[in-house]
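>>> just the structure for this:
(4 chains)
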2 protein chains.
Amino acid sequence: MEYLIELSKEAWGKYLPHISIDSVVFGFHEGEIKVLLLKMKDVEKWVLPGGYLLKEEGLDEAAYRILKERSGADKIFLHQFGVLGSPQRSQEFFKDLPDDLWHKQRFITIGYYALVDNTEIRVVVDQLSDLCEWKPLTQLPDLAMDHRNIIESAMEALRLDLNHKPVGYNLLPTNFTMPELQRLYETILNKSLNRGNFYRKIMSFDILEKLEEPRKGAAHKSPNLYRFNLGKYEAALKSGLQSSW
Amino acid sequence: MEYLIELSKEAWGKYLPHISIDSVVFGFHEGEIKVLLLKMKDVEKWVLPGGYLLKEEGLDEAAYRILKERSGADKIFLHQFGVLGSPQRSQEFFKDLPDDLWHKQRFITIGYYALVDNTEIRVVVDQLSDLCEWKPLTQLPDLAMDHRNIIESAMEALRLDLNHKPVGYNLLPTNFTMPELQRLYETILNKSLNRGNFYRKIMSFDILEKLEEPRKGAAHKSPNLYRFNLGKYEAALKSGLQSSW
DNA sequence: ACAAAAGTGTTAGGATTACACCCATGT
DNA sequence: ACATGGGTGTAATCCTAACACTTTTGT
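Model prediction:
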């Protein structure tokens, strides 16, 4: 708690008041969508990696910096999806703390979602948190304030953006198999897709490149590996992958 | 200028600093999309109807209030579409004014778009403005700060929302003709549509009700009048009007 | 007569869905 | 042998685009 008060003093000088940024970091692992969460020190509550806007900093810039500081995630796809700001969203949470505490202000929070290939992320635990972990979207722990809402809005935004943003490229490792890509689509859309039709349709977009070598080592037949042709992918996304999945 | 300074003093007490709200009010008139703009006093620049967030006010609530105060528009469809906030977006505009002027802070602005049937709006001019007028989207006057950008983002958002939000219901008068509805779609999508196909498709959604009486008085054949069945319209929008226009 | 509007018909071409079949390959 | 993956075939259905025809009705 000492800790918070120390940070608070610093905050009033560095940041714009009343504005926070929270990021919902999505990953895809073992066929599930996961969200990166931090466990608060001394409290059994989890929070999104969030932070504040420096006085002379752009919004996207701040979102990148915060994510870097609080989770170690770097060079990431980030997209702003909305602002949440009911007057009471955080006050109740800090009610036992002094009134001049930075955290006790009213905050408007700007929501970003981030997409990461989580095989590449090295998770860092910062000063405010005990733990930084991937939690499955379907089994979220107890979340502070309105963070569960924020996650739901982010997921909704992601679904709508599937044909307009490079979701696959950013959630999968560079090389991936067709079943992996299909499972990603099925998870985001929350419905199952016919394998043959999925294969034909995704190939018809002409955004994938097949690698020479299949993935080896596992049981069963070695699956072929693909990667996105980023140029073609982005060109195709501009007009939206016309598709009804 | 006196004026601004007076307002500035008041503002520091009433509003949250650094946060503004700007609304792009769309109307549809004479086959064109129009935007409601205010002309600043003493300067040849136009601005969006915008304002600030009261200390204990929700975001949507503030957007409604501001629109009411600055344009007279009431009971309106409003939707938040994004946040704009490069550090220098407004400073340059007020550079000759005192540093403690409210307006000279750094602002993050929350963008809303509003849809109105502009036959119903009675435009009000507030203290800061000379004029409040509908300007065609295709011939916008000289706009202050980044307001032209904001309008473009809003229009982009509107296009994407066409199958998910009750755009037609809110931009047209209660009763309207089929050619009017088609022209609205054509304008938003910026392409022409085949009449017969448009008719069949829109009817197939089963969201329109045909009135008994056609519109009378004009030249040529009296066109039939329709109105939206709001219940059915909203139900259909939930899953999105599956359509490729 | 003419222009605008309403409603329907038609046809070719695509896209979608839902299967099914066959092959390859690692254990 | 069996599970997994890859790739293609196909038929029914539906959607779309493009045009055309007919009828209605004000001026």
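
>>> and chain A, which residues reach DNA strand D?
Within reach of DNA strand D by C-beta under 7 Å from any atom of the strand, chain A has these residues: A:177-179, A:195-197, A:199-200, A:210, A:220-221, A:223-224. Heads up, the C-betas are built off the backbone N, CA and C, glycines and all.

>>> filter those down to the ones in strands?
Among those, DSSP state E puts residue A:210 in strands.

>>> and the residues of chain A next to DNA strand D near DNA strand C, which?
With C-beta under 7 Å from any atom of the strand as the criterion, the residues of chain A next to DNA strand D include A:196-197, A:220-221 near DNA strand C.

>>> would you reformat the residues you listed as JSON lines and include pLDDT?
Output for these, formatted as JSON lines (pLDDT from 0 to 100):
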{"residue": "A:196", "pLDDT": "97"}
{"residue": "A:197", "pLDDT": "97"}
{"residue": "A:220", "pLDDT": "89"}
{"residue": "A:221", "pLDDT": "91"}
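
>>> who wins on neighbours among those residues?
Neighbour counts for those, by other C-beta atoms under 10 Å in any protein chain shown, peak at residue A:197, which reaches 10 neighbours.

>>> residues contacting that residue?
Shown here is residue A:197, which makes no contacts under the criterion C-beta atoms under 8 Å, 6 or more residues apart in numbering or on different chains.

>>> residue A:81 belongs to a strand, doesn't it?
Yes - membership of residue A:81 in a strand is supported by DSSP: H, G, I helix; E, B strand; the rest coil.

>>> OK, contacts around it?
A:111-113, A:153-154, A:157.

>>> and those residues, which of them are in strands?
Among the contacts of residue A:81, DSSP E puts A:111-113 in strands.

>>> and which of those is nearest to DNA strand D?
residue A:113 (27.6 Å; C-beta to the nearest atom of the strand).

>>> so what's the closest residue in space to the closest one that isn't next to it in sequence up against?
With sequence-adjacent residues excluded and distances taken as C-beta to C-beta, 6 or more residues apart in numbering or on different chains, residue A:113 is closest to residue A:154, at 4.2 Å. Residues in contact with residue A:154 (C-beta under 8 Å, 6+ apart) are A:24, A:26, A:81, A:111, A:113.

>>> tell me which residues of stretch A:44-53 are tucked away?
For stretch A:44-53, a neighbour-count test (16 or more other C-beta atoms under 10 Å in any protein chain shown) marks A:45-53 as buried.

>>> in JSON lines: the residues you listed, plus distance to residue B:90 and secondary structure.
Below are the buried residues of stretch A:44-53 laid out as JSON lines (distance: C-beta to C-beta, whole Å; DSSP: H, G, I helix; E, B strand; the rest coil):
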{"residue": "A:45", "distance to residue B:90": "37", "secondary structure": "coil"}
{"residue": "A:46", "distance to residue B:90": "37", "secondary structure": "strand"}
{"residue": "A:47", "distance to residue B:90": "32", "secondary structure": "strand"}
{"residue": "A:48", "distance to residue B:90": "29", "secondary structure": "coil"}
{"residue": "A:49", "distance to residue B:90": "29", "secondary structure": "coil"}
{"residue": "A:50", "distance to residue B:90": "25", "secondary structure": "strand"}
{"residue": "A:51", "distance to residue B:90": "24", "secondary structure": "strand"}
{"residue": "A:52", "distance to residue B:90": "20", "secondary structure": "strand"}
{"residue": "A:53", "distance to residue B:90": "15", "secondary structure": "strand"}
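
>>> possible to save those as a markdown table with distance to DNA strand C and pLDDT?
Below are these laid out as a markdown table (distance: C-beta to the nearest atom of the strand, whole Å; pLDDT from 0 to 100):
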| residue | distance to DNA strand C | pLDDT |
| --- | --- | --- |
| A:45 | 41 | 93 |
| A:46 | 37 | 95 |
| A:47 | 39 | 93 |
| A:48 | 35 | 94 |
| A:49 | 37 | 93 |
| A:50 | 39 | 93 |
| A:51 | 41 | 93 |
| A:52 | 44 | 95 |
| A:53 | 42 | 96 |
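
>>> and which of the contacts of residue A:81 is nearest to chain B?
Taking C-beta to the nearest C-beta as the measure, chain B lies nearest residue A:111 of the contacts of residue A:81, at 9.4 Å.

>>> so that closest one touches residue A:80, yeah?
Yes - at 7.0 Å, residue A:111 counts as touching residue A:80 under the criterion of C-beta atoms under 8 Å.

>>> so the two - more neighbours on which side?
residue A:111 (25 against 19).

>>> which strand residues bridge that one?
According to DSSP bridges, the partner residues bridging residue A:111 are residue A:22, residue A:82.

>>> which residues touch it?
Shown in contact with residue A:111 (C-beta under 8 Å, 6+ apart): A:22-24, A:80-84, A:150, A:153-154.

>>> relative to helix B:147-161, how tilted is the lengthiest helix in chain A?
In chain A, assigned by DSSP state H, the helix with the most residues is helix A:147-161. Angle of helix A:147-161 versus helix B:147-161, following axes from the mean of the first three to the mean of the last three C-alpha atoms, to 10 degrees, is 80 degrees.

>>> buried stuff in helix A:147-161?
Burial within helix A:147-161, assessed by neighbour count using 16+ other C-beta under 10 Å, is assigned to A:147, A:150-151, A:153-155, A:157-158, A:161.

>>> which one of those residues is nearest to DNA strand D?
Distance to DNA strand D, by C-beta to the nearest atom of the strand, is smallest for residue A:161 among the buried residues of helix A:147-161, at 21.1 Å.

>>> which residues sit in contact with the closest one?
A:79, A:167.

>>> how about the nearest residue to residue A:41, chain neighbours excluded?
Nearest residue to residue A:41 in three dimensions, chain neighbours excluded: residue A:130, at 5.5 Å (C-beta to C-beta, 6+ apart).

>>> what does the helix or strand where residue A:227 lies contact?
Taking DSSP states H and E as the criterion, residue A:227 maps to strand A:226-228. Strand A:226-228 is contacted from outside by A:166, A:168-169, A:174-178, A:181, A:207-211, using C-beta under 8 Å, 6+ apart.

>>> dump the following helix or strand past it to CSV, restricted to CA.
Per DSSP H and E, strand A:226-228 leads on to helix A:230-238 as the next helix or strand towards the C-terminus. Written as CSV, here are the backbone C-alpha positions of helix A:230-238 (Å, rounded to 0.1, in the frame of the first residue of the first chain):
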residue,chain,number,x,y,z
LEU,A,230,1.5,-10.3,-45.8
GLY,A,231,1.4,-8.1,-48.9
LYS,A,232,-1.5,-10.1,-50.4
TYR,A,233,-3.2,-10.5,-47.0
GLU,A,234,-3.3,-6.8,-46.4
ALA,A,235,-4.4,-5.9,-49.9
ALA,A,236,-7.3,-8.4,-49.6
LEU,A,237,-8.3,-7.0,-46.2
LYS,A,238,-8.6,-3.5,-47.5
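
>>> domains of chain A?
Per automatic domain parsing, the domain ranges recorded for chain A read A:2-161, A:178-239.

>>> worst average pLDDT in those?
When the domains of chain A are compared by mean pLDDT, domain A:2-161 comes last with a mean of 90.

>>> measure it end to end?
42 Å (C-alpha to C-alpha, to the nearest Å).

>>> partners of residue A:133 in the sheet?
Applying DSSP bridges to residue A:133 gives these bridge partners: residue A:37.
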